[in-house]
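K.L.:
Got a predicted structure plus its sequence, pasted below:
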Amino acid sequence: MAGAALPTAELTTSGRPILLPNEIECSLLSNVELEPEGSPPLSSSIHLRSSFLILTTHRLIFVSDSSAAAANTASYVPLASVTHIFLLKKSIKSMFGSPRLKVQLSVGSDGRVGGMGTRSIVATLVMRGKDDVEAFVDKFRQNWGARVWEREKESESASSGSSLVVESSASSSGFDSRGMRVVGVAGILRREQEMWESTDKSLQDAFQDLNALMSKAKEMVMLAEKMRLKLLSGPSQAGSSNDEELGSKEEMQDWLLSVGIVSPVTKESAGALYHQQLSRQLADFVKIPLERSGGMINLIDMYCLFNRARGTELISPEDLLRACSLWEKFDVPVMLRKFDSGVMIIQNKSHSDEEVFARIKLLITRPDALQMGVSAGDAAMTLGIAPAMAKEHLLTAESRGLLCRDISPDGFRFYINLFPEIRTDDIYLVKDQGIYATWIKCASSPSRLQ
Amino acid sequence: MQTLGNFKLPPFFNYPPYFTLQPVRDTREKQVQLWKELILDYCKTQKISVIGLEEEFPLFSNPAIERSLTHEAREAFLAALVSEGRAEWLDKGHRKCLILWHRIQDWADILLNFVKDNGLEDSVMTVEEIRSGPESRGTDLQGVDRIILMRALKLLEHKGKLAIFKGTSADDEGIKFSR
């Protein structure tokens, strides 16, 4: 059989070679024939034609892609068995024919390539494909000279104890046991290289564990998905639900939640027990901050306060939002409120907008406010709430027609709305009593108009 | 009471929100209404017929309270006048606006009265004479904007009340009033 003397290279199901640890692919040639010299039976057992030849740091892998064969087959020649690479001959003959490269391989007494060889045989690589042969040959020589497989063996054995002895003897002579320099820049570079290679190797090992973990995780997620679907399809079936089923379903939900998977069933029902509990806990917690901030607090501020108080087991923004939304189903004295601008706040149910507006009106009709208007900051101080909250209130009052805005380089301020007091049929008319008259008095005081 | 030249300003001219385009619908409607009136009144007394949005217009700022209308606000108020038929854009870019504190139809009526009061039937006058001659002194026609006058004259020509013809000098037309 052709190439029987060569060891078989393992391939994946899609015909790619399975590489050894640390082995790196370097080059690919198509349509290469290995022609040994000498007489049969040795020569014929090595001779083979391959679809392509893969050069790696460790081997020459010959992959045959024959359609006749049931599957792809591959054999390899370990670079360790290459004892010599001849020069690529350039002759008139080689210009017209395919490039040929002679190599000397060490062969064992049984005629097999790959073990410790006592004999050698010369074989020619006939490169019939249209590839860059010169580059291949350079890489071949490089890899062969680098002898990566040897260094691995060396590092393995060196790390097992005898390293100290080796090194101390090496340092005096400037060469280590492998005959490589350990002094000078070359030595430093080599050491760097070795360090890098060993790090690389340990990283690869770690990642292999991670890959294993991830494949397990995939299974877990698939399982969880199946369960979720089962839960989803549950309620729509039949309609009858005995307590046992419900109970176990809730348990299932809780388990899923604890793994971090949201069950869609919670949206329909009053929510999983987790969210209910959280919602109640939040309602209790919220009481004190609400008092401190004048009955109204921004949802974002509450998120920070709550999580800070929890310390560990922090809740996500979605959890907080869901917990607040559940309040309307319970009888708690707090509520979630969304302003037109999109800002969401938590406020006491007892809070009344009218009351706030009354306070704003008082504020805005003071003489200094009539003259200069009121900013969100001013309102915040008077109302005892955060400026962002104050601004929301002012904007709401504006939309109710209570206030008007004034935008200028001085900033964003609000005034009492006088427009309803002005007559279009007589723009000079001012009623004696009323806010318009008061405003005119304040506005024309000397301190305002220079 | 403040004045702008000889124009008496209303008290709300010192109300800062008056110079900020109000977002709330009812408030905005009132604000627009007040500005429309103010612009028309001011232009009428000052005999201003064209407002350039990118130029300084005294009515659009109040240095006493350090406020002035943004370009957006000016365009909004003038557009309101245009949709009411009390103004017209002179260019597509909305940079110049013709203010019709009398509508063109009203100007036409004023012209007809002018003709009647001065016995000008069947006589000829140049456009310049109409607006700066002795007959127009003390009337609205005195110093009226040429664009507006031409519009009104064209309207009357359409109705057959007069005829417009090119005068001897290149830049003045002549009007022959009908009987």
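P.N.:
Ah, there it is.
K.L.:
can you map out the helices along the stretch 251-400 of chain A?
P.N.:
Assigned by DSSP state H, counting those that start in this stretch, the stretch 251-400 of chain A shows helices spanning A:265-268, A:273-292, A:299-310, A:317-326, A:353-364, A:367-372, A:376-383, A:387-399.
K.L.:
Which single residue in the stretch 151-300 of chain A comes nearest to chain B?
P.N.:
Residue nearest to chain B within the stretch 151-300 of chain A (CB to the nearest CB): residue A:296, separated by 22.5 Å. Any C-beta I mention is one placed from the backbone N, CA and C, and that applies to glycine too.
K.L.:
how many neighbours does that residue have?
P.N.:
For residue A:296, the neighbour count with other CB atoms under 10 Å in any protein chain shown is 22.
K.L.:
do the one 10 residues further on as well
P.N.:
Applying other CB under 10 Å, we find 20 residues neighbouring residue A:306.
K.L.:
now the nearest residue to it once chain neighbours are set aside: how far from residue A:5?
P.N.:
Nearest residue to residue A:306, sequence neighbours excluded (CB to CB, 6 or more residues apart in numbering or on different chains): residue A:285, at 6.1 Å. Distance of residue A:285 to residue A:5, computed by CB to CB, to the nearest Å: 80 Å.
K.L.:
Ends of stretch A:306-319, what's the gap?
P.N.:
From its first residue to its last, stretch A:306-319 covers 12 Å (CA to CA, to the nearest Å).
K.L.:
ok, and what's touching that stretch?
P.N.:
A:275, A:278, A:282, A:285, A:303, A:320, A:323 (CB atoms under 8 Å, 6 or more residues apart in numbering or on different chains).
K.L.:
Please determine how far residue A:287 is located from residue A:279.
P.N.:
For residue A:287, the distance to residue A:279 - CB to CB - is 14 Å.
K.L.:
Looking at those two, which has the bigger crowd around it?
P.N.:
residue A:279 (22 against 13).
K.L.:
Verify the stated contact: the more buried one with residue A:330.
P.N.:
Yes - assessed by CB atoms under 8 Å, residue A:279 is found in contact with residue A:330 at 6.8 Å.
K.L.:
Where does the spatially closest residue to residue B:11 that is not a sequence neighbour fall, secondary structure wise?
P.N.:
Distance criterion CB to CB, 6+ apart; nearest residue to residue B:11, sequence neighbours excluded, is residue A:440 at 5.2 Å. Using DSSP states H and E, residue A:440 sits in helix A:435-443.
K.L.:
Report all helices and strands that the helix or strand that residue B:112 is a member of contacts.
P.N.:
According to DSSP H and E, residue B:112 maps onto helix B:104-117. On a contact count with 3 or more CB pairs under 8 Å, 6 or more residues apart in numbering or on different chains; DSSP states H and E, helix B:104-117 meets helix B:146-158.
K.L.:
ok now do residue B:77, which residues does it touch?
P.N.:
For residue B:77, the contact set (CB under 8 Å, 6+ apart) comprises B:32, B:35, B:36, B:39, B:69.
K.L.:
what's the burial count for the last one?
P.N.:
With neighbours defined by other CB under 10 Å, the count for residue B:69 comes to 21.
K.L.:
got a list of what it touches?
P.N.:
Applying CB under 8 Å, 6+ apart to residue B:69 gives the contacts B:19, B:60, B:61, B:77.
K.L.:
so the third one bridges to which residues?
P.N.:
Listed beta-bridge partners, residue B:61: residue B:68 (assigned using DSSP bridges).
K.L.:
quick one, phi/psi of residue A:59?
P.N.:
Main-chain torsions, residue A:59, degrees, to the nearest 10: phi -150, psi 170.
K.L.:
Around residue A:81, how many other residues sit close by?
P.N.:
24.
K.L.:
unless I'm mixing things up, it is touching residue A:106, no?
P.N.:
Yes - contact criterion CB under 8 Å: residue A:81 and residue A:106 qualify, at 5.1 Å.
K.L.:
Surely residue B:111 and residue B:139 touch.
P.N.:
No - using CB under 8 Å, residue B:111 is not in contact with residue B:139; the gap is 10.3 Å.
K.L.:
so what pLDDT did residue B:116 get?
P.N.:
The model reports residue B:116 with a pLDDT of 87.
K.L.:
which residues in chain B form strands?
P.N.:
Shown for chain B, the strands assigned by DSSP state E span residues B:3-4, B:7-8, B:50-52, B:61-62, B:67-68, B:87-89, B:96-99, B:124-126, B:162-166, B:173-177.
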